[in-house]
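Visitor: give me the fold of what follows.
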Amino acid sequence: MSLGLVLGACGNDTEILISVTRDAQAPAAIPRLRIYAAVANGQQMNGAAVYVDQSDPQADVDVSTRDLAASPYKLGLRPGAQLPGDADLQVAALGFMLDDAGDPKPLAFGTIDHAISFANGRVLEFEVSLERLAGPVSANGKGCVDFVVNGQKIHIGAQDDWDCDGDPHATDCNDLDPVISHLATEVCGNDVDEDCSGAIDDDTDADGDGVFACKGDCIDNPNAQLPGGLTAADVHAGADERLDNAIDENCDGMCDVGPVLDTDKDTYTTVGIVTAPSVGGRCMKSTSLIDCDDNDHNIHPGATEILTNGADDDCDGTCDVDADMDGYTPSGYVEPPTMGHCAPIAGDQVDCRDDDKDIHPGAAEICDGIDENCDGKCDDDMDNDGYSVCGTVTQDPTQCVVTTNGCSIGQQCDCAPSAEQAHPVPSGGQPVPERCDGFDENCDGVLYPKTNQCFAPAGAGTCFAGTRECKDDNPQSPWDVCNVDSQQPVDPKLCAAYDACFVDPTIVDPFACAISKAQLGVIGCKELVGNGGVACTPAFYAIPTLVSAGQCANANWRIYGGVMQGPWTVGFGDNGGGGDKATGCTSNFAVTAYDHNLATTTITRILVTQFVGTAAVSVFVDLQPLTSGVCVTPGSNMSCTGP
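Guide: As a prediction, the model looks like this:
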């Protein structure tokens, strides 16, 4: 940059260092930067203190490859001929992009909140933070900017055109008023020399069209530059109006346009002409004034932006607010607009982080504990079980447990991302029951046991115990058939209960379900459990006859399901021995109890069958610990409620 603006360098005796950054609300993508270093001239313009910019507007900085928040742009100011050492300076910065016509489109603005000056022999440092362009800040493509600092209006003018009216400072008779210049048309009756002719309210017919300036000729300057071959003589009261050229030929205060250019009659057109009011025979025209929705009179350049309606109310190319310019907004609409409107984000999602362009609905989710795709989860959880392949999913991303070394056993990773019922065990929680379904429900690396107990008939009116294989690597058909043991007949009611449990997909263990639900007789037995791992003396109880008395001589007794049941050891009158027992009509049932977590031990149900050949009658024996800690074998705790 010329005129006293140089790259900051250490070691100078007198210098001002400027660092240009941005706040969280300013767009992350700012393509270009203009730095104003302006000197106060002691004058005012419409109540604003005037500063004249000494920088070179051709030296605007390309910052498209950096984010100013992370990598501020730095420069230095040194005193010189045009930056006097004792002058009051106003430093400001404008972030902008170029529109289709090559004109600056302001995006963000920042300034030092007071005038500064050089300090002899010292290096001063200041930061200018760009904020989203809003409120009382206006900037134009000719180099002027107006803003307010601590209640004081500030006007920074271009070096060669203080009021940016197109008439150079050297020829403009009043370069502090944009309505006064050699290009202006005299306004009658206001005691102002608008056209710099040297005469006030001069009523002339300079263009020779027969209409004087104060009699309805709104452009009387023969040197006026007009479009389409028009001259000042073509513009006066009563002249024929031509369409679509931003000139008020008949001086009625309005520029006429074609019938389809301002359908909604809001004075803004689809070609960028603002039809009213005309000033000095001219209407405003610019690509930045194009009406982006000519069917809605509430939508046009300069309208108030409504931040939640999905419409580009002010036609600035954005719907609502999109601070990080990622195409998504916190109000739930997708940028950029089409004909002044944005589409709602699918699924009613919104941009959950409008300060980061990599975070928005539809973004790629990565294992970092951040909700990149704004679905309310810190990482993807396709089956909605609360866990992801990255770590524990929570609604608050700050609480996400992130696993960086992959999903190995024991880590909080979802080993079955497509199965809601399969996920790790929560800290302090209970494991998910394993099922024979092809999934490792609790993600501990162990599938459902391959050999499972079952009941199945082997003929009409029969029921046998057996085993079946769980092929847990085949989710579509995991269970093999039940292979019955013809030497283990049981009550047919168990087959009926097992079949009902097996077809219920919510049942984890059909065998345990059948044991629980079969309509058999129940014998209740309470035992005290020995402390310190010492077994109580076995308790012996007589089991009543189950088959008919005439069959007793040939009947056998069998405990099905094993002789070790939790804290209990069970057997037939042999101090815990298992197996079959040939009897008459009754048998002594022995129970030995051990210390085994009395606080949580529940009733253990043992299946006992008395059978003759394939005919069998079964009964349940429910074992339940007493509350005392002394080994006693009460003789009255057995009660037969069975057949």
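
Visitor: of all the helices and strands in this protein, which has the lowest average confidence?
Guide: Across the helices and strands of the chain, mean pLDDT, DSSP states H and E gives its lowest value to strand 5-6, namely a mean of 38.

Visitor: ok, then the element right after that strand?
Guide: Using DSSP states H and E, the helix or strand that follows strand 5-6 towards the C-terminus is strand 15-22.

Visitor: what's in contact with that following strand?
Guide: With contact meaning C-beta atoms under 8 Å, 6 or more residues apart in numbering, strand 15-22 is reached by 8-9, 28, 30, 33, 35, 67-69, 72-78, 89, 91, 93, 95, 108, 110, 116, 118, 123-131. Just so you know, the C-beta spots here come from the backbone N, C-alpha and C atoms, and that holds for glycine as well.

Visitor: in it, which residues are buried?
Guide: Buried residues in strand 15-22, counted by 16 or more other C-beta atoms under 10 Å: 15, 16, 17, 18, 20, 21, 22.

Visitor: what's the answer for stretch 241-254, then?
Guide: Neighbour counts over stretch 241-254 (16+ other C-beta under 10 Å) mark 241, 242, 244, 245, 246, 247, 248, 249, 250, 251, 252 as buried.

Visitor: widest-spaced pair of those residues?
Guide: The span of those, defined through C-beta to C-beta, is set by 244 and 251 at 17.6 Å.

Visitor: export stretch 266-280 as CSV, just CAs?
Guide: Extracted C-alpha coordinates of stretch 266-280, given in CSV (Å, rounded to 0.1, in the frame of the first residue of the first chain):
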residue,chain,number,x,y,z
ASP,A,266,-42.7,-1.6,-5.0
THR,A,267,-40.6,0.9,-7.2
TYR,A,268,-37.8,-1.7,-7.5
THR,A,269,-37.4,-3.5,-10.8
THR,A,270,-35.9,-6.7,-12.2
VAL,A,271,-33.3,-4.7,-14.1
GLY,A,272,-32.1,-2.6,-11.1
ILE,A,273,-33.9,0.7,-11.8
VAL,A,274,-35.7,2.3,-8.8
THR,A,275,-38.6,4.0,-10.5
ALA,A,276,-39.2,6.7,-7.8
PRO,A,277,-38.4,9.2,-6.8
SER,A,278,-36.3,10.7,-9.5
VAL,A,279,-33.7,13.3,-8.4
GLY,A,280,-32.5,15.8,-11.0
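
Visitor: next, the distance between the ends of stretch 325-339.
Guide: In terms of C-alpha to C-alpha, to the nearest Å, the two terminal residues of stretch 325-339 are separated by 19 Å.

Visitor: with stretch 48-59 instead?
Guide: Counting by C-alpha to C-alpha, you get 26 Å between the two ends of stretch 48-59.

Visitor: same question, stretch 511-524
Guide: End-to-end for stretch 511-524, by C-alpha to C-alpha: 21 Å.

Visitor: again with stretch 570-587
Guide: 13 Å.

Visitor: try stretch 61-77
Guide: End-to-end distance for stretch 61-77, by C-alpha to C-alpha: 16 Å.

Visitor: pLDDT of it, averaged?
Guide: Averaged over stretch 61-77, pLDDT sits at 93.

Visitor: all strands for the stretch 51-200 of the chain, in order.
Guide: Along the stretch 51-200 of the chain, the stretches classed as strands by DSSP state E, counting those that start in this stretch are 61-62, 73-77, 89-98, 104-111, 123-132, 138-139, 145-149, 152-157.

Visitor: quick one: closest of these to residue 573.
Guide: Among those, strand 123-132 comes nearest to residue 573, with 89.4 Å by C-beta to C-beta.
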